[in-house]
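Engineer: my questions are about this predicted structure, shown below with the sequence.
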Amino acid sequence: MRMESNFRDQMIKSGDKKSAHEYLSENGGDFEVWYNEAGYYTFEKGFVVPRVPATRHKAEEDMSPQFNWVIRRDTREPIGIHGPGYSQNTSYTFVADMMESFLPESTTGCAVLDGGRRLFMTQSIGEPVDLGDGDVIKPEIAWTASFDGTWSTGVYDFTSRVFCSNMLMMGTALFKARRTDQHDITAEYRSRILGDAIAHAEKMKHIARILKDQSYTDEQFRILTKQLVPEPKPRSRVVKTLSTGAGTHREWIAPHKKTYESWEEKQRYFKNEWRRELETWGDGNKWLAYNAIQGAEQHYINRGTRGNHEAKSTRSLIKAVEGKTPLAKKTLELLNV
């Protein structure tokens, strides 16, 4: 049986369009933070706060803390640490403000990750597209931000498939603001971002229809999975022949048990997702093959093995947001897209 979708665990993907502020509040992302000087204790001086000039032209007596903690007001938990040039936003509402100024009442999803350290939100840029038989993709953009400095405030290409919650070809940045920049988008930028995002959605729709029109068999899919993740083979090494004291011989070493088990597990994920696609949509085609690989990678392989269910789901979502889906990208190459 297929595990509950990581992305459904982490996001509200109802498809309902409403304000970014509503989604932020419903998902616990409207908390506030405050900034506190970061330092350390020594036996000689007690609590020490390293300081640096606020700017390179400031006098030495006008010093700022070298680092500041970012602390949630509601839980008192530190969720980041930054240098003096960091833009000190006090909540994620600045992201919701930008989204509403960009496209009002069009937000479709929100995920608050790692205790509030990162934020991921989605926004519709057009009507859903039915590829046939109810297989629907939604043209959207994704917004990211973070208080721990791991994500820039950014806007990304993002198209999702309703059936499996797959993120299709995520990872291309349309706009990025570094932590030290003003987090604002001008009217000129808004127009460019929207144009680029619509062009990406059209490209994804075109690719999907090309793939959907090309049949694909079980045997072709089996070959594809072994091209993506080759079966571990025995390796050889040259060793000295001890019995004679001279000469060498070659010996073969079988793959490590865990290596082979990992390969078998990935192949099982691929097979299960392929079977699920066929059971839902009927005859095999390249579009189903692509989504089977992408689904296996996003919902299972990228989860890893460490941590509880929430930690694994978060890890998988983060990798998808950052475009770390090499198997899906390689699949498009092998399918000759």
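Structural biologist: Received the coordinates, thanks.
Engineer: I'd like the mean pLDDT over the helix or strand harbouring Ala208, please.
Structural biologist: Ala208 belongs to helix 187-212 when assigned by DSSP states H and E. For helix 187-212, mean pLDDT rounds to 87.
Engineer: and for stretch 120-138?
Structural biologist: Averaged over stretch 120-138, pLDDT sits at 90.
Engineer: how far away from the center of its chain is it?
Structural biologist: A distance of 19 Å separates the centroid of the chain from that of stretch 120-138, by Cα atoms, centre = their mean, to the nearest Å.
Engineer: end to end on that stretch, go ahead and measure it.
Structural biologist: Using Cα to Cα, to the nearest Å, the end-to-end distance of stretch 120-138 comes to 17 Å.
Engineer: quick check: buried residues in it?
Structural biologist: For stretch 120-138, a neighbour-count test (16 or more other Cβ atoms under 10 Å) marks Phe120, Met121, Thr122, Gln123, Ser124, Ile125, Gly126, Val129, Leu131, Asp135, Ile137, Lys138 as buried. All C-beta atoms are positioned from the backbone trio N, CA, C, and that covers glycine.
Engineer: any idea how far Ser146 is from Gly154?
Structural biologist: 10 Å (Cβ to Cβ, to the nearest Å).
Engineer: now for Ala208: which residues touch it?
Structural biologist: Ala208 sits next to Leu131, Ile137, Trp287 when contact means Cβ atoms under 8 Å, 6 or more residues apart in numbering.
Engineer: no wait, Glu37
Structural biologist: Counting by Cβ under 8 Å, 6+ apart, Glu37 makes contact with Val49, Pro65, Phe67, Asn68, Trp69.
Engineer: JSON lines for those, including distance to Ser215?
Structural biologist: Below are the contacts of Glu37 laid out as JSON lines (distance: Cβ to Cβ, whole Å):
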{"residue": "Val49", "distance to Ser215": "67"}
{"residue": "Pro65", "distance to Ser215": "63"}
{"residue": "Phe67", "distance to Ser215": "58"}
{"residue": "Asn68", "distance to Ser215": "59"}
{"residue": "Trp69", "distance to Ser215": "57"}
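Engineer: for ChimeraX, write a command that selects the buried ones of these.
Structural biologist: Applied in ChimeraX, the following selects the buried portion of the contacts of Glu37 according to 16+ other Cβ under 10 Å:
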select :65,67,68,69
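Engineer: count the residues that sit near Ser191.
Structural biologist: 10 (other Cβ atoms under 10 Å).
Engineer: next, find the distance separating it from Gly83.
Structural biologist: Relative to Gly83, Ser191 is positioned 33 Å away (Cβ to Cβ).
Engineer: surely Asn36 meets Phe67?
Structural biologist: No - using Cβ atoms under 8 Å as the test, Asn36 is too far from Phe67 to be in contact (10.0 Å).
Engineer: tell me the confidence at Tyr40?
Structural biologist: pLDDT recorded at Tyr40 is 66.
Engineer: which non-adjacent residue is nearest Ile207?
Structural biologist: What sits nearest to Ile207 in space, not counting adjacent residues and going by Cβ to Cβ, 6 or more residues apart in numbering, is Val337, at 5.7 Å.
Engineer: wait, that neighbour touches His206, no?
Structural biologist: No - between Val337 and His206 there is no contact under Cβ under 8 Å: 9.9 Å.
Engineer: so which of those two has more stuff around it?
Structural biologist: Between Val337 and His206, counted using other Cβ under 10 Å, the more crowded position is Val337 (14 against 11).
Engineer: I'd like to know how far that one sits from Arg209.
Structural biologist: Val337 is 11 Å from Arg209, where distance means Cβ to Cβ.
Engineer: again with Ile318
Structural biologist: To Arg209, Ile318 is 30 Å away according to Cβ to Cβ.
Engineer: of these two, who's got more company?
Structural biologist: Ranked by neighbour count (other Cβ under 10 Å), Ile318 and Arg209 place Ile318 first, with 20 against 13.
Engineer: residues in contact with the more buried one?
Structural biologist: Contact analysis of Ile318 by Cβ under 8 Å, 6+ apart lists Leu113, Arg118.
Engineer: tell me the secondary structure for it?
Structural biologist: Secondary structure, DSSP: H, G, I helix; E, B strand; the rest coil: Ile318 is helix.
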